[in-house]
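Participant: Got a predicted structure here, sequence first:
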Amino acid sequence: PGGRAMEFVKTVVKNQWAELKQLWANPRQLIFQFLNLAMIVLSALMIWKLMVVVTNSESPVVVVLSGSMETAFQRGDILFLDNNAAPVRAGEIVVFKISGRDVPIVHRVLKVHEKANGTVELLTKGDANKVDDKGLYAPGQQWLRREDVLGRARGALRYLGMVTIILNDYPALKFVLIGLMGLFVLTSRESS
């Protein structure tokens, strides 16, 4: 089995190399293929921006990076968020961002304080954690503000986010995969 796989890889590399040489010989086709690649990238960006607008969340899709929410969510789950204006209630799972930290946190709302002036403060805790999140908040911060919340978890895809975790753990692999995808898009042709 290993010999056949290696032979397949050699054949694919040989074919891609031949296609690339042929592409360089035809500037018009090269420009067309670059435009195809640009269309794919721009379409992905447009879909992301549309999701940002529809969900009212700056990050409508996140990956669970730790086990603090097990058994509700596992490391590597992809969560879909919604940040509508409805009040946040105790028991809901929210994704929030702490000032000074780059990575958002996925935890459950433990308590909600609604003040007379209309402001809302939240206390969160990971389902698998023994204590609440006050130790995670910014220094001096005892509660989350509503504006700290990126959104509520509305859906999940189990374990598909492991790809993102692996690519972040091994950045060189990320660049190799992006390069290979770009190469395949550039060298692929539409069949007529």
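Facilitator: Structure's in. What do you need? What you see is a predicted model; the values in this text were computed from it and never measured. Numbering: from 1, shown residues only.

Participant: Could you tell me how far P27 is located from F34?
Facilitator: 10 Å (CB to CB, to the nearest Å). (C-beta placed from N, C-alpha, C; glycine too.)

Participant: With neighbour numbers in mind, choose between those two.
Facilitator: F34 (14 against 9; other CB atoms under 10 Å).

Participant: can you pull the pLDDT of the more buried one?
Facilitator: Per-residue confidence at F34 stands at 89 (pLDDT).

Participant: In contact with the residue nearest the centre of the chain: list those residues for me.
Facilitator: Centroid check for the chain by CA atoms, centre = their mean gives V62 as the closest residue, at 4.5 Å. For V62, the contacting residues are 78-79, 81, 95, 104, 106, 150, by CB atoms under 8 Å, 6 or more residues apart in numbering.

Participant: One more pass at 7 Å, please.
Facilitator: 79, 81, 95, 104, 106 (CB atoms under 7 Å, 6 or more residues apart in numbering).

Participant: out of these, who's nearest A44?
Facilitator: Using CB to CB, L81 comes nearest to A44 of the contacts of V62, at 18.2 Å.

Participant: can you count the residues close to the closest one?
Facilitator: L81 has 25 neighbours, counted by other CB under 10 Å.

Participant: before we move on, the earlier item: distance to V41 and secondary structure for the contacts of V62 - can I get that in a markdown table?
Facilitator: Formatted as a markdown table, these follow (distance: CB to CB, whole Å; DSSP: H, G, I helix; E, B strand; the rest coil):
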| residue | distance to V41 | secondary structure |
| --- | --- | --- |
| L79 | 24 | strand |
| L81 | 23 | strand |
| V95 | 26 | strand |
| P104 | 24 | coil |
| V106 | 28 | strand |
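
Participant: Could you export the residues you listed as CSV, including distance to W48 and pLDDT?
Facilitator: Output for the contacts of V62, formatted as CSV (distance: CB to CB, whole Å; pLDDT from 0 to 100):
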residue, distance to W48, pLDDT
L79, 15, 98
L81, 13, 97
V95, 16, 97
P104, 16, 95
V106, 19, 97
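
Participant: In CSV: these, plus distance to F184.
Facilitator: Formatted as CSV, the contacts of V62 follow (distance: CB to CB, whole Å):
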residue, distance to F184
L79, 30
L81, 31
V95, 33
P104, 32
V106, 34
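
Participant: hang on, the earlier thing: a strand runs through the residue nearest to the centre of the chain, doesn't it?
Facilitator: Yes: the assignment for V62 is a strand, going by DSSP: H, G, I helix; E, B strand; the rest coil.

Participant: Could you give the bridge partners of it?
Facilitator: On the basis of DSSP bridges, V62 is bridged to L79.
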